[in-house]
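Asker: task: produce atomic coordinates for the following.
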Amino acid sequence: MDIIKTIKISVICIVLTFSFSFTAKANYTSEEFQQSFFEIGFKGIHEALDENNIHFKQDIALPVQLPPIAFTHGFGRFSNLDGESNDKLEIDYLNKDVPQNHYKIFVQPVKYRLVFKEDLIDQRLKTNDGTEALYSTKAVRGFNLLVFNKNEFQYILSVDKRISDKVTPELLVQIADSIPKS
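Answerer: Next up, the predicted model:
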């Protein structure tokens, strides 16, 4: 599969996943809310992380720091699609009663990273170790992204645009800096 097709498939998967977040109903019971995510392949974060680590034969380090907003649930999903180029770990933190409190982490090997067009990049930032991070408010409708490479993986940290006053680009860089070196 050529790289352009792979990137298009990855972007479509990300957009569909983000789109699902807008359909969540705030009047779900906690059990109904959880079940809706389990039905589409999510599970506990550590279980998904373990699947990913076994698949890639390398441990993925997740950020220690979270955005300073309230979450009621955390889910993980390891996507093992056709070939390694579309395989990725997805972590979602949500608040079932406050839909805009939504933070996501996507992790995939750097060799299969997504490349962003220049017109989608709002800012170029630096992490404490000097790694370049791209900040985009245009790449995915409804979400702001911080994209960077660390420990041989590409990380995409994303937050709902409606909380961008609480989760700024600088705060996302601090969260990126909280990922331990492997």
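Asker: end to end, how far does stretch 56-71 reach?
Answerer: The stretch stretch 56-71 measures 29 Å between its terminal residues, going by CA to CA, to the nearest Å.
Asker: shouldn't Pro99 be within a strand?
Answerer: No - the assignment for Pro99 is coil, going by DSSP: H, G, I helix; E, B strand; the rest coil, so no strand is present there.
Asker: how much space between it and Asn53?
Answerer: Counting by CB to CB, to the nearest Å, the separation of Pro99 from Asn53 is 31 Å. Any C-beta I mention is one placed from the backbone N, CA and C, and that applies to glycine too.
Asker: show the pLDDT at Ala53.
Answerer: Not quite, residue 53 is Asn, not Ala. pLDDT, Asn53: 83.
Asker: just the strands in this protein please.
Answerer: Taking DSSP state E, the strands of the chain run over residues 73-79, 88-94, 102-109, 123-126, 132-140, 143-150, 153-160.
Asker: can you say which of those is nearest to Ile179?
Answerer: strand 143-150 (5.7 Å; CB to CB).
Asker: pull out the buried residues from the closest one.
Answerer: By neighbour count on 16 or more other CB atoms under 10 Å, the buried set for strand 143-150 is Phe143, Asn144, Leu145, Leu146, Val147, Phe148, Lys150.
Asker: surely the first one meets Ser158?
Answerer: Yes - assessed by CB atoms under 8 Å, Phe143 is found in contact with Ser158 at 4.5 Å.
Asker: where does this protein have low pLDDT?
Answerer: Applying pLDDT under 70 to the chain picks out residues 1-28, 81-85.
Asker: in this protein, which residue is closest to the centre?
Answerer: Central residue of the chain (CA atoms, centre = their mean): Ile105, 2.2 Å from the mean position.
Asker: follow-up on the earlier one: so which of the buried residues of strand 143-150 comes closest to Glu118?
Answerer: After measuring those against Glu118 - CB to CB - the closest member comes out as Val147, at 13.1 Å.
Asker: is the closest one bridged to anything, and to what?
Answerer: For Val147, the beta-bridge partners under DSSP bridges are Leu134, Ile156.
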